[in-house]
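>>> Prediction below, plus the sequence it came from.
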Amino acid sequence: MSRPFRTPCLPAGDGGAGQIGRAAVRALHAELVLAPKPGLVSPLDNGSHADMDMATFLRSLSALRPYFRAIAAAGGDDAPFGDLAALGRDAERDMLAATGGVNTHRGAIFCIGLLAAASGLRRARGLRRSLGDIVRERWGRAILAAGEGAPPSHGSRVAARHGARGARGQAAAGFPILYRQVLPALTDGLAATGSADAAGVQALFTAMTYLEDTNLLHRGGPAGLSFVQGEAGRFLDRGGVLREDWRDQALALHRRCVARWLSPGGSADMLAAVWFLWSQGDRPDGIMAR
């Protein structure tokens, strides 16, 4: 049975870093428990992953709780990007220690960490800007500059090889796909269905359609990315979660992704990020919900 969606209550006043951190963890948990998610770990199975399962992700989430609170507090203090990045590196070490060396949340540490910092800054300063705009304006240049000297990762290598924007490019630009495509999909899905599960799948498939997911490029090259983008786009074109058989259609793509060992991990990060935006009051038009 689909879980009903309940509009989150924003706390009075500045809310505090602890509340922002808890919202980040809840958003990541909402992504984890959603099913079906093509190629991804979920309550159904491990997807296209032999080294991680639900328990691995839950251990990681537990280890990351202090990080999201700390980076929200640092954002509230208007910390420079170097300080935020140092917190992120510490969080990665905590994640790897909790998971036995498995990378479960590196992308989320980066993107949701930045959004949490922006939320801390927005509350501290009383700003009426979207979190994406705050990330772009306050830390965008530093994000790109730091990427030039950072040790290469799977994501940065394939982004450079295939000309993809990558996570740093998306963040420095204020997360345009998240705001222009994924957040409207979530909002419309909630309005049309009243279901967090259905809206989450609609948002996920929208991210899969538009994002140049470096996880897919790493695993399947341009052909793997094209396959997932095309199939996700067809799911949406056929009605998405407004079709009665949407679960069957999503599950069928999940099985095809597993058969090809494809996992849209970047899109999963976008799904968690969009739930975090929603919890903080961001809406598709850039206006905060009162």
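Yep, that arrived.

>>> Dump stretch 65-77 to CSV, keeping only the CA atoms.
Taking C-alpha atoms only, stretch 65-77 is exported to CSV below (Å, rounded to 0.1, in the frame of the first residue of the first chain):
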residue,chain,number,x,y,z
ARG,A,65,23.8,12.1,11.3
PRO,A,66,26.4,14.3,13.0
TYR,A,67,27.8,15.5,9.7
PHE,A,68,24.5,17.0,8.4
ARG,A,69,24.0,18.8,11.7
ALA,A,70,27.6,20.1,11.6
ILE,A,71,27.5,21.3,8.0
ALA,A,72,24.2,23.1,8.6
ALA,A,73,25.7,24.8,11.6
ALA,A,74,28.8,25.8,9.5
GLY,A,75,26.5,27.2,6.8
GLY,A,76,24.7,29.2,9.4
ASP,A,77,28.1,30.7,10.4
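
>>> chain center to it: distance?
17 Å (CA atoms, centre = their mean, to the nearest Å).

>>> Could you give me the buried positions within it?
Buried residues in stretch 65-77, counted by 16 or more other CB atoms under 10 Å: Y67, F68, R69, A70, I71, A72, A73, A74, G75, G76. Any C-beta I mention is one placed from the backbone N, CA and C, and that applies to glycine too.

>>> Tell me the secondary structure at the second one.
Three states are possible here, and by DSSP: H, G, I helix; E, B strand; the rest coil the one that applies to F68 is helix.

>>> Let me know how buried R255 is, in neighbour terms.
13 (other CB atoms under 10 Å).

>>> for L251, same thing?
L251 has 16 neighbours, counted by other CB under 10 Å.

>>> swap in the one 5 residues further on?
Counted with other CB under 10 Å, the neighbours of R256 add up to 15.

>>> and what of the one 3 residues further on?
By other CB under 10 Å, 10 other residues sit near A259.

>>> Tell me the one of the buried residues of stretch 65-77 nearest H29?
When these are compared for distance to H29 (CB to CB), F68 wins out at 12.0 Å.
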